[in-house]
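> here is my input; please provide its structure:
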Amino acid sequence: MLQKRDSFIIKGGSVLMPDATFMETDLKISNGFIDTIGDLSASKLRNINASGLMVLPGAVDLHGDAFERQIMPRPGVSFPLDMALFETDRQLVSNGITTAFHGITYSWEPGLRGRDITIELIECLERLRSNFFCSTKFHLRFETYNLEAVEEIESWLDTKRIDFLAFNDHMPSILRKIKTGQSLARFVERTGLNEKQFIALTKKLKDRKCEVKPVIERLSRTALDSRVPLASHDDETSEQRQFFDKIGCKIAEFPETEEAINEAGRLQNNIVLGAPNIIRGGSHMGASGLSAADNIGQGLGNILCSDYYYPSLINAPAELVRKQIMDFPSAWNMISKNAASAANLFDRGEIVEGKRADLVLLDATVPRYSQLAATIVAGNLVYQSRYV
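Numbering: from 1, shown residues only. Below is the predicted model:
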């Protein structure tokens, strides 16, 4: 495997340039960065033959929680975190993801999304990060009724342990299910509680609603001071999005209604939508969920993430092209340049001299789905198929 200290040439690929055009050219990679773009036919350095392949910026995944399935593949059946995260790392780079924000939910619930697992995950990520192929970041999904955790999260922000902070509030949807008698199995099975205990816990917490907004404002101030990007998750109303925008939270993840997504567009916020929604032709929530493709076609959506399925991310741009919603360079920017910029990662996301050599080589001629030929992270060839 090529090591970061090595210099090499990516030869003869169709390179996506910053001006959203493709140019058949060569790239010289040195010390983990893009050194030179241009004709390097005279170079004696070792080559990666990219003839017939697109050379693209690596995918930056702002929100992915598919790693939870490596930890708990069946309800109540857990595996060691080290094993789960290393397996996740292999999945990421084999799907062209060069920077991944693991969406770790810290909730008021016990179990998979409770404090013990959250602490274990943070410590495991920090211990293993230098051994991962993918550049791996910590995206804390803070459940806003987790009121006892505020001081702890502030300390994590102050000490730069968090790379991305999102405000989640699943309490309203849970309370609606309780009121209407709908199944709570999806929530209960990951907590270790029985349904009666789970309902009692939610009813106890709902009475503290007046404390939630001040907590959000407090954590947003700390995050902004630490230059940590902020997102709100599942906005339902224009008022919610206005509130989050006002406190400096400029990223709207998965707005749930036309009202909320239109407001995010009016405010010129970054709008993150799910790549699985693009591939499947609609939301996994069925008719109640928004169509990502339809909203992107209306200019409401500039970033895609893997959400719960890693292979969807690098395949979604080609699907947007097939649906005649946008051209390929613009679509690819949604998983590279736009995502990197929203996360304040200005050293990646574009093929520019001096930026990190986070790259993918893609064969888009394969019917229906794009075939990944190679993934390069910080100048390391970390995945290679038979196509290279």
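> can you pull the buried residues of stretch 205-220?
Leu205, Val212, Val215, Ile216, Leu219, Ser220 (16 or more other C-beta atoms under 10 Å). In this view, the C-beta of every residue, glycine as well, is placed from N, C-alpha and C.
> CA atoms of that stretch as CSV?
Written as CSV, here are the backbone C-alpha positions of stretch 205-220 (Å, rounded to 0.1, in the frame of the first residue of the first chain):
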residue,chain,number,x,y,z
LEU,A,205,-39.2,14.4,31.0
LYS,A,206,-42.0,16.2,29.0
ASP,A,207,-42.8,18.3,32.1
ARG,A,208,-39.4,19.9,31.8
LYS,A,209,-40.1,21.4,28.4
CYS,A,210,-39.4,24.9,29.6
GLU,A,211,-35.8,24.0,30.3
VAL,A,212,-35.0,22.9,26.7
LYS,A,213,-34.8,26.1,24.8
PRO,A,214,-32.3,27.8,27.3
VAL,A,215,-30.1,24.6,27.1
ILE,A,216,-30.0,24.8,23.3
GLU,A,217,-29.1,28.5,23.4
ARG,A,218,-26.4,27.8,26.0
LEU,A,219,-24.8,24.9,24.0
SER,A,220,-24.9,26.9,20.8
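> quick one: mean pLDDT for it?
For stretch 205-220, the mean pLDDT works out to 94.
> roughly how far out does it sit from the chain middle?
26 Å (C-alpha atoms, centre = their mean, to the nearest Å).
> so what touches it?
Outside stretch 205-220, the residues that touch it by C-beta atoms under 8 Å, 6 or more residues apart in numbering are 108, 142, 144-145, 147, 150, 153-154, 157, 165, 167, 169, 171, 175, 230, 243, 247-249.
> just the buried subset of those residues, please.
108, 142, 144-145, 150, 153-154, 157, 165, 167, 169, 171, 230, 243, 247, 249.
> so of those residues, which ones are in strands?
The members of the buried ones among the contacts of stretch 205-220 that map onto strands under DSSP state E are Phe142, Leu165, Phe167, Leu230.
> low-confidence ranges in the stretch 151-300 of the chain?
283-289 (pLDDT under 70).
> go again with 50.
287-288 (pLDDT under 50).
> helices along that one, start to end?
Ranges of helices in the stretch 151-300 of the chain, per DSSP state H, counting those that start in this stretch, are 171-180, 185-188, 195-206, 212-225, 238-246, 258-266, 275-280, 292-297.
> looking at those helices, spot the one closest to Ser94.
helix 275-280 (15.9 Å; C-beta to C-beta).
> tell me the gap between that closest one and the middle of its chain.
The answer for helix 275-280 is 14 Å, by C-alpha atoms, centre = their mean.
> give the buried residues for it.
The neighbour-count check on helix 275-280 (16+ other C-beta under 10 Å) flags Ala275, Pro276, Asn277, Ile278, Ile279 as buried.
> now, among these, which is nearest to Ile351?
Ala275 (21.2 Å).
> what residues are up against the closest one?
Ala292, Leu304, Cys305, Ser306, Asp307, Tyr309, Ser312, Leu313, Asn315, Ala316, Ile335.
> what's the distance between it and Ala373?
Distance of Ala275 to Ala373, computed by C-beta to C-beta, to the nearest Å: 20 Å.
> about what we covered before: tabulate the ones in strands among the buried ones among the contacts of stretch 205-220 (TSV), appending distance to Glu126.
Compiled in TSV, these are given as follows (distance: C-beta to C-beta, whole Å):
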residue	distance to Glu126
Phe142	18
Leu165	17
Phe167	23
Leu230	22
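> which of the residues you listed lies closest to Asp327?
Leu230 (30.4 Å).
> thought Leu224 was touching that closest one, still the case?
Yes. Using C-beta atoms under 8 Å, Leu230 is in contact with Leu224, at 7.2 Å.
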